[in-house]
Each structure stands twice: as C-alpha cells, then as structure tokens.
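Engineer: structure for this input, please:
(chains A and B)
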There are 2 protein chains.
Amino acid sequence: MKTGPHNATAASLAAALLILATATATADEGMWLYNNPPREKIRQAYGFDITDAWLDHLMKSSVRFNSGGSGSFVSEDGLVISNHHVGADAIQKLSSEKQNYLRDGFHARSAAEELKCVDLELNVLQSISDVTPRVNAAVPAGMSAEDAFRARRKVIAEIEKESLDQTGLRSDVVTLYQGGQYHLYRFKRYTDVRLTFAPEQQIAFFGGDPDNFEYPRFDLDFCLFRVYENNQPVKVPHHLKWSRNGAAEGELTFVSGHPGRTSRLMTMAELEYLRDVQFPYTLARLKRLEVLLHSWSGRSEENARRAKDELFGYQNSRKARDGGHAGLYDPVLMGRKAAAEKAFRSRLASDPAHAEADRAFQTIADAQAELGKIALRYRLLEVGHAFGGHAFGIARTLLRAADEATKSSGDRLSEFRDSAKASLELQLFSDEPIHADLEQVLLADSLTFLSEQLGARDATVSKILAGKSPRARAAQLVKETQVQKVDVRKRLYPSTPAQLRASSDPMIQLAAAIDEESRTLRKTAEAQDERKRQAHAAIAKARFALEGTSKYPDATFTLRLAYGPVKGFEENGRAVPFQTTYAGLYHRAESQKFKPPFDLPARWLKRKAKLDLQTPFNFVSSADIIGGNSGSPVVNRAGEFVGIIFDGNLQSLVLDFEYTDQVARAVSVHSSAILESLEKVYDAKALARELVQGRRTR
Amino acid sequence: MKTGPHNATAASLAAALLILATATATADEGMWLYNNPPREKIRQAYGFDITDAWLDHLMKSSVRFNSGGSGSFVSEDGLVISNHHVGADAIQKLSSEKQNYLRDGFHARSAAEELKCVDLELNVLQSISDVTPRVNAAVPAGMSAEDAFRARRKVIAEIEKESLDQTGLRSDVVTLYQGGQYHLYRFKRYTDVRLTFAPEQQIAFFGGDPDNFEYPRFDLDFCLFRVYENNQPVKVPHHLKWSRNGAAEGELTFVSGHPGRTSRLMTMAELEYLRDVQFPYTLARLKRLEVLLHSWSGRSEENARRAKDELFGYQNSRKARDGGHAGLYDPVLMGRKAAAEKAFRSRLASDPAHAEADRAFQTIADAQAELGKIALRYRLLEVGHAFGGHAFGIARTLLRAADEATKSSGDRLSEFRDSAKASLELQLFSDEPIHADLEQVLLADSLTFLSEQLGARDATVSKILAGKSPRARAAQLVKETQVQKVDVRKRLYPSTPAQLRASSDPMIQLAAAIDEESRTLRKTAEAQDERKRQAHAAIAKARFALEGTSKYPDATFTLRLAYGPVKGFEENGRAVPFQTTYAGLYHRAESQKFKPPFDLPARWLKRKAKLDLQTPFNFVSSADIIGGNSGSPVVNRAGEFVGIIFDGNLQSLVLDFEYTDQVARAVSVHSSAILESLEKVYDAKALARELVQGRRTR
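Structural biologist: Numbering: from 1, shown residues only, chains lettered A, B, ... in the order given. You can find the predicted model right below:
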C-alpha cells in the first residue's frame, strides 16, 4: 500500500529535471502543481479544459493527513474519506485490548458516538504563492554552505510567521525543483477530527502483505472521519459530489493528493548513492524490524494488536523499496537516466552561459560523498534509528524544546519554529497509548542494531549502553523513564535547559548525553544539503532556460494533480482487466481456503447472499502517483468522486525514478464498492445517504 | 528448535579450552566424548556407574541424520525415532501439492505403505580410535600453512580410505579440541530409509515461530522411520527399551546425540569477531531470507508448502542466533571469558615451557584478521550465499567433480575424496523436487544481495550478472539451465573438465566463470584455518599439561553424552514447572483462539474427550545440548527411552559460548505423550505396541 512521505533525510534532498530531458515525455506523466497545471497537455490529449473554478473546488475539497496521507471532503457536514490504512494510526490509538476497532471495525450511528482522535491534524490548502525571489535574496552568493543554510532557514521562518500572523492559516514554505523554487502554502488546519466509520482491517487490507502491491485486488480500503470546530461538525464550503457509477473503462480521471517523495530529478551520483548505500541500509533495517515485530506479534493476540500498525508500515515500505531497488539495479532504466544526463550536460558544456549549471553536477557528487561519510551516524543518532519506541523521541523533543526556546524563531531547528509550534505540541502531548513491553522489544533491538553498525567499542555506543548489554540497558531505560506519561511531559515542557539537564529521568539524560554529537551531525547534513540545493537551483535555472517552465517538480508531500484513463495492463503476456468485483473477492478468499490473511470478516460471510456480486470493487488507472497519494480522491471530468487511491501495482514501484504508463498502475477502491458495503454489509444507511446527497439527513 | 550443525566455515574453526579455566566447572556441564566419558564426575554427583556395556549399547542405539540431527533405534526391527523437524526435510521431499504429508501427517499401516526417502542417510557409530600421532606426523613443523593444510588433508584421506577398504564402514577422521586431537569414527551407513509415521506439522511444531525456544511448550515433535537393507527391514543388534512412565522430577537422565557446534573454546579475538562481524552478517542475511519467503509463502497455499521447510530453518536459526548474539553483547558473560583468558595466559607467560601456547593467542588473532579480509567474498562466492536455490550448487558440484576426478583422492577438495563419494552421489542424484518459481525468487534475491554487498561495479558482480538486473539474470538462468533434471546430472557427471566447460548450460558456465576466484578464496581460508588449528593445538597441549586431560571438546556433530536431572527453572521471579500436559496444550490453543500457529489439527479437536489430559507432554532437564541434538534420545539410568530432545529454552541460547544450569534447559517430548497420541489420536496401535515391546508384532 501507499503510505505517507518518508522522513526528510540527507539523501532525500536532491537533483534536477532529468526526466524531462528524455526524448518522449510520456502522455499521462506528472504530479502537477496546482498553480501550474498541465492545461494544454490535457486539452490536446483529451479535449478537456481545466477551469480555475474546477481546480479551486478540487483543491479545497482535498485534505492532507499529518500522519502521512491524503483524503477529501465528501459531505458539506465535514465528512472526510480516506484510506483505512491512512486512518489506521488514529484508529489504533483509539483502540484497546477490549475495544479493538482496528480488528472489529467501527460505526458511529450518531454524532454523539463519533470518537475524537488523539493527535490527528488535517490540512486543507487555501492558496499558493511564489516566494522564490525573497528567499533567494536573503542568501547572497558567496556565503558558506552553513551560513547559507541558516540564512535560508531564517527567511523561511519569517515568511511563515508573517503569514500565520496575518491570516491565522498554517503557513509552510515548501522547496520545489530541489531548490529551484520556493512557494508559500497556506492551509486551513483542523485538529478536532472524529472517527465516524471504519470497516474491519481484514477487509480493508484483505490479502495482507502477500497481496500488497499486487493486482487484481480486493481491498475495501476506506474509512470516514468528521471534522469538528467548537464541538460542532464543520460546514465546509467545498466537498466532492459522489458518483454512484464510478468511472467507465477508458474514461479520463484525475487524482488530487499528496505524493510524498519521488527522485526523478536526481543526478546519477545521487541515484548511485541510493542504489549502493541508502537502499541497502534501509531495506536491511526494515527487514530486521519486520522479523522482530512479526515474531513478537505471534506470541499473543494482544501483542499483535499493539504492533499491527507499525508492522504494516515496515512491511509496506519494505515491499515498496524492494521494488524501487530493483529499478535502480535495472541497467535499462539506469542506462536511460545516464544517457539523458549525458545529453543534457553536453548541451550545458557547449554554452558558457550554463557553466554554473555544468559545474553543479560535480558539486552534487561532492556533497553526496560528504553526506555519505556521516550518513550512518546521522541516521542512528539524529534520525533516531538507534532508539526504537516512543520514549527517546519524546525525551529529546522536551530537551530541545527548552534549548531552542532560548533562540529567536528563525534560528531554531526548523521543527521548533513558531509557525510549527501548534503541530509540535499536538504531537508531544498526544494521548497515544505507549506499551512498555513493545517499547522494550523495539529499544533492545535498535540498541543492538546500533552496536552492530558502529561496533561495540565505539565511544558513543559505550556512552549509550552505559556498561550494560543492549537488552539490559533497554530494560532499565524503559522501566525508569517517566516521559511516557503525558502529565509528566506537560510539567517538563516549560523547563529551562538547566532544569532538564538536572532531571533524573534516564531517557532525558541519554538524549542530553548525545545531543552535541547529534546536532553536529545534523549541521553537517544541512550544510551539504544546502550545497546540493544551490547546485540543483542552478541546474533548474538552466533547464527552464533550455526547455521552458511548463514542468512539474519532484513530489514533496504538497498537493498535486495527476491524471490518466481507467485501463488495464498486460502481465506476462496476459491481459489484466481494469476492474475487479465483489464476486472476485469471494473467489480469492475461497481459493485460499479463507486462511489469514485471506479470511473474511464474519459479516461478509453472512451477508454474501444479499450482495450484488457484480458490484465493482477495485480498479486501476494510469495516473502518476506514489506513496502519500493514499486516500486521494479519484474524480471524473465533472469533478465527481468515482474512487479512492490506495495502492500502486508492483510494476509501479519504479515510479520513484521514472514514469511509465505501459504497465504501472494506480489502484483505487471503486465508489460503488463503498456504497454497497455501507448499505448491505454494515447497515450504515444514513452514512450511505450522506455520501450520495452530500449532507447529513437526520 | 534445535537443528543441524552449521556449515563449517572459516570462523567456525576455533580456539582452546577456555571454559575449563573458569573457577567452577558447573556440575552437569559437558558434551562428552564416548571414548572419554565423565565416569568419575557422575559417580560422585549421582552415585551412578557408567559401565562399558551400558555405553556401548547407548552408542549403537544412537543414530545420526546426514540432514543434520539425531535419533535412535526403538525397535529391533529397525524403527528409528527422531524429531519431526529433523525428518521434515525428508517428509517435504516425499510430498506434493496433492499429498501434503508435512501438513496432513503420514501413517504407514503396513510395511508396504512405508515410503522410501529420496536422499536420507543414517549413520550409526561403531568405534572410535585416536589417530592424532599419525596425522601430526604427516605435518612436520616449519611447513607453510598452505602446505600443512594439504599434507593434513592428504593423510586424513588416506586413513579414511584404508579404514573404508578394510571394514566397509563409513570412516571419518574428525578434528577435536580445535586441532588438539584427531579421532577416526567408523559408522554403519544406511541409505534405504523409509517414512513410517509423522503427525501433522501443526501439532509437531505447535505455536510455530512465536513459541519456538519458549517454555512451557506443547510440541509433539517426533516422527518414525524404518531402516531397510536388501528391501527388508533391518534387524538391529541394539535398540532402546521404551519407558512408558518417562522420568520423574529430579531424576537423572542422559542425552546421546550429535551437538553441531559450540564456540566455548574460542579465544577473545575469535569471539569478538563473531560478535562484531559474523553474527551481524549472518543475522541480516537470515532476516532478509525470512522476509522473502514469508511474503512469498503468503501468496498461495502451494507456495507456503514449497517454502515451509526452508522458511522454518531460517526462522529457527534467526531466533537461535539472536539469542547467541545477545550473549556476546553481554558484558558479564564476555567479562568472564576475558578474565579466564587473561588468567590462563598469565600462567603460560610464567613458564617458558609454554611459550608456544602463549604466542598461539596472537597467531589466532592474526589469522582471524586475515580471514576477516576475505570473509565476505568467501561467503558469497564459495559458501554460495550469492546463489540461492539449488541449481547453482548442483552445477558447481558437477563441474568440480570433473576437475577433482583428475587428482588423487588426498589432493582433492575434501568433499570429493574417495571416502565421501557415496554420500556425495546420494545428494547429487537426489530426486528432491526443484520448483522453478521458488528457484527464481531465491536466486533473484541472492543476486541482489550480492550486488549490495560487493557493489554493482565489482568486476565479479558484473561477470555474474552479465549486463542484466539481478531479477532478469535470475529469470534467464532458471529458465535455461537443465541441471534441475536428475537424468541430465547423471549424464553430465562422468564428463571431463573440458566437456563441462563446453556445455551450453548457463548455470555451469556461471560456476566455471567464478571458479578460479572461488577456489582461491577457499585456499586462503583453509590456510588461515590451518594456522588457527596449529595454534589451538599448542594451546590444548598446554591446557592438558596444566589441567589434565579429562575434558570435553567443543561440539563438532560427533556423538556425545550429556546428562542432568529433570527440573524446572525460574523466570522473572516465577517458577516454571518441569513438565507440561495435554491439558496445557488445549489451554494454550484456546487462549490464542486457535489462530495459526496455535490451531490444532482436526483430529486433535475431535479426539479430545478420549484423551487422558493429565498425560505429560513436554519436559525440561539441565543436560548440556545445542543445535544438532534435535532428536536425541533421553534415557534413564536403566538406559530406557524416556523422551526425545527437540529444543532448548530461550535462556539456553548462550550455551554456544558458556554452559549454565541456572536457567538454561533442554526441552523434550515425553515418552508418554508419544504413546498416548499414537494410541488415541492416530489409531496407530500397532506402532505403539512395537515401541512398547521393542519389535513388530503383526
């Protein structure tokens, strides 16, 4: 399944517009900015005009989940639809051993029964403006990379703070084209989000890991939330009209969502680094964690419940990365990339006006090499791979919040700037349950991983382990720390740096003990990223000059528009049809003898006879999507909701690096599948009516 | 679960008798040689005299499985009992999609129904003699390590060949005390082994990976084979008498089996290498393979069937190694080891007569460092971690068999020496089914692993991939090779080296393309291992001089005697009782809601009312065991069969490095559990009667 954006890391900050240099820009390619949509391409290919009103309505109906996914309003009464696997984190946090909503599903039959999520934040984009000149003006040429990074961070914090003060809207300056442009995104922010409906995870994620990224597919991967303000459901000005019929084969559809990250504009030096260093590290870590949690989950049903959402995340990322890594090892794909870079660089070399862009490729390679030198320690200590579980991250946030509070907003680490304060506190004071047994398992394993990666004799490892084995040290930390308690966090949050450093909490002491090294690593990473950013900006400028500005940037978890017709594909010489049906679901379960993860929830077995088995279930289209697009609405020309993206097929896993519409497909739940299930399986007629009519009718 | 010995690798060839230098040799410690049993210790501790007749009977009733495990004769008509998980490889090879004996169990109601295993070889030890003087005489001091290795290999091959020619018995010279002694083991060899009975894997391995190495436990982990000669069941001169009552709490018991490998005599340099290099590599690879096969198995029941046995092996090793690795990261355990080494070395340093032994520690550290330099390439290319699936190994065996046939037996790679010929051919011409889809999955993954480990630009990697991606190259090799067919192997086996090198089979071509590098790596590893062996021999000599010769060597998959009382242990402050019962089995299944891997086979649900639920199921004792002991008989003072070893508890996973009887326990199936199930669940009354009476009675 497609999930949220990856953590922004050193190696994720990258390259130029290489893909556009390939000879044929593929027909339906692109994750387009809302302020630069591909009007002309779509008019020519499909005879359809994107109007400003059409675009504005779709933008303001689209929702971003801070937990890493997409969604949309589907009723004027604040009803939001997203994927079950996007909502799973929130559902998990509302569940307990006795009320297992992830396993059993949830249905609020009235507003009073809707459950408030503990730390879910939704954002709705209101406007975009280009602030590139102001950002670049604050960073004069000739500054050191470290100073340039600080100057850029400072001006961005100023712009965001001004905007927040002026409009009251969440204001984020986003980096596009790897540093070629900076845009200010303003969002309406909702933090009272309540769970309205969720099917059983078993039907939402039918087929589990084995069928993940496969097609044909049978997943009812949706859930419903309702947004509140002042304890009342919000009346929203924009929502998507529901289409009962969905999309026909061959019909043009649009996807409005938040692709998390692509790497199409990376240089060869960056791609080779991904292939040779980063992907092997990431995959080894993911597989290790998957084995750990899979084994632990098997010990009891309650273990499984506690670990389920996290385990799913690792499995999902692992399958996606394995596919992406295979793409990087494909000499045909990499050959195309190399040839395009070579062709573009020879154009640069032939024109002295582009000398800076030509040099930029070497700068990027150099910066990448510098990043490579610190990458392992950076990931373990600063990204936190050495410290599994929740407690270390909380302890460090408390410590750094105190340290950063002594600085002006623009000089702080970016997550502590004023404009991010509300979101930071929402996370820090989250009521999310923290289970000591799971904390122990994760921390013991990650400390072992740390010892393996840096060696048992490393001075920092010795400091962290404090003379104990990884398991014993984890046991002590988990037992003695108090930061798992929200009231303790609230009490500590206003502390001074000195007060926190005097705390007897061993997790805060640990965070303090490594903070100097960790901050130094981050500073180095940020400086090298800044070098890359400036180099990419130079390449982007040359690219715009040589090839025009009607291009789309790499995905950055900002709202994008993608499009393409609903259509099947060919696999091993066989045609795979564009959609599946309810009948297919029952057939797949039977052929697997209903064994997990192919077992069906009891009510699906009981209600089978009542269902129209010809109802469409999932369908595929050629829209250009990636992780983070999960939950994106799929709409037709009329802007009506015909389905919801939840996955890509296996062949789509190389889209990180290169778009293809030959066999790569986005996979959606059909709008009819949702209605049929609400009406006939879940006895949720009022909700079904609200979807069809676009408002509550009680 | 405990399974067979690990592949002998560079780092497995190691150190001296350090454990014996610790102040208190723990009461029940030891995996004793049959020609040097701890008579005096047992007499003093338990007042029991081990007689020659008692020992000879137990030795000749004990059986070694070439697939890596132990067993014993339990009827004069050739009936052999072992663990289900030791027999699983053979059962899997007899199964098909339609006849899934692993899942459904198997019961031959008459001799005619017994199924001949495709490549199972059983060995029964007949005699042991010390050949140390002759081996050492062939390796004069001052030889280079490479020459010394060749000279030692040659004399060993000669001794084995002479013995085979004289006696007709399988004759193996085994290395003990890491090179301190060489003994000649002669075995009666059986190759017509037929499956008689197996329960469903679900009850044999109830609780699966989550409960693996845990206790309390409820596994009916046994199966029965019958040995044939001349198409008739063999009349064996020795078999164990069955005890219906099993062992009482506190009763002294003995274990006769084949522990695969321990590392108790390693030097600190070797242990640190294990901790810092080898275990991290091995665990990362195991977890990678576990994720791969787990995910692939989930796609269909038939996939699961094909991969089950291999997947179990990876999971089992992973859990065992994770436990062992935690021991190496335990500063308390490693501190004891370091202190013991230091104390012993100071004794050596104070006496010029032991100067050679003192220097030997540095030699071992140097050799280990040299091994470290080539370890990665050695594992990938020579051990074959780069080439998942069966085909590459077969292709290389064909190629090397031709090359080695041109040399005299003593000069060949050891697996091709004359005395190993029969066993080699049994394996090479095995009818074991080879599935192209599984071959593809394994080979694609291992070629990706190779690319990650050595880098995509490595010359050997380029040669192996031949310009393709790992997946594409694997697809081509699996599609085009013919070596999966036994008749093709038989046709190619008598070929000359030149004929094989002219073969168009791409897998044989691949094996030939890397053989020079691979053989060079092996030669280096063998020479460094020889340096370590000579150094360890010097240490062992000093150890014998200072501490006497009544010691046991590290495990080497040779027959050993262990002992200890049946007793429970304490865990997290709670007493864990010494045995479990049938009632406990049903309780565990219920508390897990019968979800896999806690589901019970249908006949276990149906027959519950007929069973005596107080029947003992599993029990624990403090005997000193390790992987390879699986299937070992547990006998009482009278030499009667009271149970069968199948596992150790989690706390036993450090036994690789150090024995403890505080909490480490060996886990066995109780003899009553076996009878009760045969009589009341499986309607196998004739077999139950044969066990009780020690002979067939039809």
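
Engineer: pLDDT score assigned to the closest residue to A:Y34 other than its chain neighbours?
Structural biologist: Residue nearest to A:Y34 in three dimensions, not counting chain neighbours: A:M59, with 5.3 Å by CB to CB, 6 or more residues apart in numbering or on different chains. Glycine gets a C-beta too; all of them are placed from N, C-alpha and C. pLDDT, A:M59: 98.

Engineer: could you list every helix and strand in contact with the helix or strand where A:M59 lies?
Structural biologist: Per DSSP states H and E, A:M59 falls inside helix A:52-61. Helix A:52-61 sits against strand A:122-130, strand A:252-257, with contacts defined as 3 or more CB pairs under 8 Å, 6 or more residues apart in numbering or on different chains; DSSP states H and E.

Engineer: which strands or helices does the next helix-or-strand element following the longest one pack on?
Structural biologist: Think strand A:122-130. Downstream of strand A:122-130, the next assigned helix or strand under DSSP H and E is helix A:132-137. Contacts defined by 3+ CB pairs under 8 Å, 6+ apart place helix A:132-137 against helix A:145-167, strand A:181-190.

Engineer: what are the ranges of the strands in the stretch 201-350 of chain A?
Structural biologist: For the stretch 201-350 of chain A, the strands defined by DSSP state E, counting those that start in this stretch occupy A:223-229, A:232-233, A:252-257.

Engineer: for chain B, which of those strands is the nearest?
Structural biologist: Among the strands of the stretch 201-350 of chain A, strand A:223-229 comes nearest to chain B, with 24.0 Å by CB to the nearest CB.

Engineer: other residues contacting the closest one?
Structural biologist: A:71, A:77-84, A:86-87, A:90-91, A:111, A:114, A:116-117, A:120, A:122, A:190, A:192-199, A:204, A:233-234, A:236, A:687 (CB atoms under 8 Å, 6 or more residues apart in numbering or on different chains).

Engineer: C-alpha coordinates for that strand, PDB please?
Structural biologist: These are the backbone C-alpha positions of strand A:223-229, laid out as PDB (Å, rounded to 0.1, in the frame of the first residue of the first chain):
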ATOM      1  CA  CYS A 223     -12.700   4.900   6.400                       C
ATOM      2  CA  LEU A 224     -14.600   8.100   7.300                       C
ATOM      3  CA  PHE A 225     -13.800  10.900   9.700                       C
ATOM      4  CA  ARG A 226     -15.800  14.000  10.600                       C
ATOM      5  CA  VAL A 227     -14.100  17.400  11.200                       C
ATOM      6  CA  TYR A 228     -15.300  19.500  14.100                       C
ATOM      7  CA  GLU A 229     -14.900  23.000  15.300                       C
END
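
Engineer: buried ones in the helix holding A:M59?
Structural biologist: Judged by neighbour count using 16 or more other CB atoms under 10 Å in any protein chain shown, the buried positions of helix A:52-61 are A:W54, A:L55, A:H57, A:L58, A:M59, A:K60, A:S61.

Engineer: A:L125 is in contact with the fifth one, correct?
Structural biologist: Spelled out, it's A:M59. Yes. Taking contacts as CB atoms under 8 Å, A:M59 lies within contact range of A:L125: 5.6 Å.

Engineer: in stretch A:413-420, which residues are buried?
Structural biologist: Result for stretch A:413-420 [16+ other CB under 10 Å]: buried residues A:L413, A:F416, A:R417, A:D418, A:S419, A:A420.
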